[in-house]
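Trainee: please work out how this folds:
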Amino acid sequence: MKKSLIALSSLLMIGGTAQAQKVAFEEYDLANGMHVILHNDPSAPVVITSVMYHVGSKDENPERTGFAHFFEHLLFEGTQNIKRGEWFKIVTSNGGTNNANTSDDRTYYFEVFPSNSLELGLWMESERLMHPVINQIGVDTQNEVVKEEKRLRVDNQPYGNLIAEVKRNMFVKHPYRWATIGSMAHLDAATLEEFQAFNKKFYSPNNAVLVVAGQLDIAQTKAWIEKYFAPIPRGVDIKREKFVEDPITQPLKAKYEDPNIQKEMVVASYRTPSMKTRDARVLDMISSYLSDGKSSKLYKKIVDDKKMALQIGAFNYSQEDYGLYILYGMPQGDNTSADLIREIDEEIVKLQNDLISENDLQKLKNKFDNNYVNSNSSVEGVAENLASFYMLYGDVNLINTEIEMYRSITREEIRDIAKKYLNPNQRLILDYVPAKDKAEANKQ
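Mentor: Prediction:
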């Protein structure tokens, strides 16, 4: 009874915190098509200016992969009014920080400043959009930066090609089939004119959302946005091709030799629907149930109890068009990859045939409540969530309502979604193994 009361009080506390953290925002469009979202948070004297562009690696020419990630770097080179090499100096000298990141679906830039530097942040992001300088010296410089990043994070990183190899084997038609960082050969072969054309096509106000969050004077913020962003010309509307993959109906097998590892890993991957769907949220819960933490079903059984693996896990790799549900394990002792897959399959079959306990379902919902609170606990997190929910989901208010979708998931749905997507004939088994000849293995 005492445990029940503690659990109940914890749930009420989390629920109350989640409710208290409801994110207020205002959104509108400029005449040039740029979407604007404002969120006032007076709790700290900081402000974030961020722009998300609807361009990622899936928007690239198959012969010119890596462009979107390349622009993540290139658009810090400078503008007509910010000299080359000055961007970071301006930010840091005004007490700020900045960064950017790229996915298959979008590219995101942001600055965090003391709130009295809001106008500076807005001006800088408008400069990036309106007056970028894309010249040969910038392209050559960033080409070397990207090559070094690839060497550091992919080529010389243990298991660094794992996700890329899963994607390459899981997608045939869709541009998700190549890695976000792209091909260095493609970048080397690209002309300056190709980079300039990519910028002109995708980096336009009507392909972007501006999010300003933090300690704001809303009226003043709107005036500055009008001053700096409204004069930017609208770009050509982008026509996006729709790529539809054939269903996977027979098991796929692949092998990859990694010169940076000494322990093999086995991966089982299933193609899943868009992150916009309810099914994707159920798969999030299934992932948490199977492998989130040391009390999860797979970890407790395979690592703790049977000591068959050094590591076991699962995650739902959600994206705008398709997702991937990825399970992985690292066998130890005399156990093989096939042994791990057999144990994993036993747990999946249980999910497909039996309802999880009410207690396990409540634990999952508590965990997702906590995740929701954490994701909106900083102004940076709120800003990126607002941008993502607008750009990729088409509903900004999901920042407040998506948690209700997780709370409404039933045990029956978990069983049915496991049965729908997690079947042996719908997956890839990838043997990710040490290279026999490290000098010759997997030359890029």
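
Trainee: the nearest residue to Ser115 once chain neighbours are set aside - how many residues pack around it?
Mentor: Spatial nearest neighbour of Ser115, excluding adjacent residues (Cβ to Cβ, 6 or more residues apart in numbering): Gln215 at 4.1 Å. Where C-beta positions appear, they are placed from N, C-alpha and C, glycine not excepted. Gln215 is surrounded by 17 other residues when neighbours are defined as other Cβ atoms under 10 Å.

Trainee: do you know the pLDDT at Gln215?
Mentor: We have a pLDDT of 97 for Gln215.

Trainee: use 362 as the first number from now on
Mentor: Done: numbering now begins at 362, and the last item shifts to Gln576.

Trainee: got the contact list for it?
Mentor: If you count contacts by Cβ atoms under 8 Å, 6 or more residues apart in numbering, Gln576 has them with Asn401, Asp402, Pro403, Ser404, Ala405, Pro406, Val407, Val408, Ser476.

Trainee: which one of those residues is nearest Phe432?
Mentor: The shortest distance between Phe432 and any of the contacts of Gln576, using Cβ to Cβ, involves Val408 and amounts to 24.6 Å.

Trainee: what's the closest one in contact with, if anything?
Mentor: When contacts are counted by Cβ under 8 Å, 6+ apart, Val408 touches 473-476, 478-479, 482, 573-577, 740.

Trainee: so what's Ala392 closest to, chain neighbours aside?
Mentor: Closest residue to Ala392 apart from its sequence neighbours, by Cβ to Cβ, 6+ apart: Ala591 at 6.5 Å.

Trainee: what is the neighbour count of the one you found?
Mentor: Burial measure for Ala591: 13 neighbouring residues, criterion other Cβ under 10 Å.

Trainee: and Val452, by the same measure?
Mentor: Val452 is surrounded by 21 other residues when neighbours are defined as other Cβ under 10 Å.

Trainee: that one in helix, strand or coil?
Mentor: For Val452, the secondary structure call by DSSP: H, G, I helix; E, B strand; the rest coil comes out as helix.

Trainee: I'd like the contacts of Gln576 as JSON lines, with distance to Pro785 appended.
Mentor: Putting the contacts of Gln576 into JSON lines (distance: Cβ to Cβ, whole Å) gives the following:
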{"residue": "Asn401", "distance to Pro785": "51"}
{"residue": "Asp402", "distance to Pro785": "48"}
{"residue": "Pro403", "distance to Pro785": "54"}
{"residue": "Ser404", "distance to Pro785": "50"}
{"residue": "Ala405", "distance to Pro785": "51"}
{"residue": "Pro406", "distance to Pro785": "56"}
{"residue": "Val407", "distance to Pro785": "50"}
{"residue": "Val408", "distance to Pro785": "51"}
{"residue": "Ser476", "distance to Pro785": "55"}
